[in-house]
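> A predicted structure for the sequence below; I have some questions about it.
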Amino acid sequence: MPDDDKGSAPTGKAVVAGGGLAGLAAAYRLADLGWRVTVLEKEPEAGGRCRTAGADGFLFDTGAQHCRDSYDATLKTAIELALGERFRVPIASKGLYRAAGVEPFVPRSARSVAQLPWRVLGARGLFEVPSAVMPLFRKYRSYNIRFPGWWTGGDLETADAFLDRRASRDYKSALAEPLALYAIGAELDRISAAGLMVATRVTFADRTVSFTTGMGSLAAALALKVDVETGTQVTGVLVEGGAAVGLKARPARGGRSRSYSAELVVCALPAPHVVGICGTLGSAARTAIEKARYSAAVVVNLAYARAAGGVAGPVMLPGSEGFQASWASSNASKADEHAPAGGSVVTVVFSGRRAEALLENDDGVLADLAVCEASRLYNLDGSRPVGLRVDRHHLGRPEVSPGHSARVRGLIEQGSGVANLLLAGDWTTSPTVEGAVSSGFAAAERAGAPG
């Protein structure tokens, strides 16, 4: 953000609906631009799907598990927030389960060609993977993770349809589907070909990184920099003369409503909640919200008193191999400090339709299933976990469905359709930690200096 904006901008009041990463990032950047900002969050703690819980010396990331080392803005923000010393880029391998074992690969390693995932398909993979992926890479310069500048063709069809013309059924079930569930959180028939490109890039080119104190450290550090009112549920945007003039909210546990007047309003809520809060919106915003679909996620963290032997991960788990989970990892893939000395945390993640089918099960059922899945991957000698945590996310991740990039582009160009009202969240950019942060920053920068 430009330094010359600081100090010279007149002050103004802004209010943000939603204290997840997007809302916190928007508030942080707005405050830096000279606004007086209040964030309203209905939960007892800010952070949304990016929180870390502690228990008996173990750290459990309840939703977001990693960010990626290619996102300079996120890394720069972490340094600004004094998180630099907590940042870790583990050297642990990722992996893909195949034929009763894990095939490891190392992103951007010195032996990257030898480690690429076509090994899991044997000699045939040397020909099949390039034929499926290279048409995407040829458009790479305008077709990468930073939404919405993607190749138009890749945005218009599903990954499933794209691969039907280029790859075998084995390729799709053994590699592409687990790749999509891991990186995007949804199956091939629910994401675009562009989404598959992003999944390929972030899995095999980017390293996953975290903080020694958990991914929730990022949200917690942002929350310390702004005024956050937790336990406060936003019920509506106040509009006068076609312009937003504040928010109406009430205590989440019940009580009298109150109004928060402001010259600028940012709505950083999940898309399904926006219409009920914001009322009438412009056509681009309505289209983006109406078309937004979410994949569910269930995150089970298992604490063990001993180290988990095996490929740290993330390890992608194909349904064709009998897995119900989509992927799993141990704390060694994030930071050893997530567990006491000699101990470990194993995280098992269910996503897409697999998660939807499991959401209503009780914690015991989900924990038993996670233990079974983890036992196939990690050498735990049959030991039971000494602690666990189960988190359900009905709105786990926005799906990168066909037309997503066009919808995001229209939303950026046309805005919310209501003056002084900005929309932020990972449904307005890429469905990642970095996307949530960048959406908040982008909203604040569109607001400019108050006046």
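Looks like it came in fine.
> switch to C-alpha atoms for all contacts and neighbour counts from now on
Will do.
> where does the stretch 51-200 of the chain have low pLDDT?
108-153 (pLDDT under 70).
> Let me see the ranges of the helices in it.
Assigned by DSSP state H, counting those that start in this stretch, the stretch 51-200 of the chain shows helices spanning 72-80, 112-115, 125-137, 152-156, 159-164, 169-171, 177-183, 193-204.
> same check, this time on the stretch 301-450 of the chain
Going by DSSP H, counting those that start in this stretch, the stretch 301-450 of the chain shows helices at 352-358, 363-375, 404-414, 433-447.
> Name the residues of the last one that are buried.
Judged by neighbour count (16 or more other CA atoms under 10 Å), helix 433-447 contains these buried residues: 433-444, 447.
> Compute the inter-axis angle for it and helix 404-414.
Interaxial angle of helix 433-447 relative to helix 404-414 (axes from the mean of the first three to the mean of the last three CA atoms, to 10 degrees): 20 degrees.
> And the second one, by the same measure?
Helix 363-375 runs at 120 degrees relative to helix 404-414, counting by the same axes, to 10 degrees.
> Buried residues, helix 363-375. List them.
Neighbour counts over helix 363-375 (16+ other CA under 10 Å) mark Asp363, Leu366, Ala367, Leu369, Ala370, Val371, Glu373, Ala374 as buried.
> again with the shortest one
Neighbour-count burial for helix 352-358, with 16+ other CA under 10 Å as criterion, is recorded at Gly352, Arg353, Arg354, Ala355, Glu356, Leu358.
> CSV for the buried residues of helix 363-375, including distance to Leu40 and pLDDT?
Formatted as CSV, the buried residues of helix 363-375 follow (distance: CA to CA, whole Å; pLDDT from 0 to 100):
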residue, distance to Leu40, pLDDT
Asp363, 30, 97
Leu366, 32, 97
Ala367, 33, 97
Leu369, 36, 97
Ala370, 35, 97
Val371, 37, 96
Glu373, 38, 96
Ala374, 38, 96
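> quick one: which of the buried residues of helix 433-447 is nearest Gly12?
For the buried residues of helix 433-447, the residue nearest Gly12 by CA to CA is Ala447; the value is 11.2 Å.
> show me what contacts the closest one?
Residues near Ala447 by CA atoms under 8 Å, 6 or more residues apart in numbering: Leu264, Asn420, Leu422.
> I'd like to know how far it sits from Ala26.
10 Å (CA to CA, to the nearest Å).
> Please, where are all the strands along the stretch 1-150 of the chain?
12-17, 35-41, 52-55, 58-61, 67-68, 87-88, 94-97, 102-105 (DSSP state E, counting those that start in this stretch).
> Can you give the strand pairings for the first one, parallel or anti for each?
When you say that, I think you mean strand 12-17. strand 35-41 (parallel), strand 264-267 (parallel) (DSSP bridges).
> and if you look at the fourth one?
According to DSSP bridges, the neighbouring strands of strand 58-61, each with its direction, are strand 52-55 (antiparallel).
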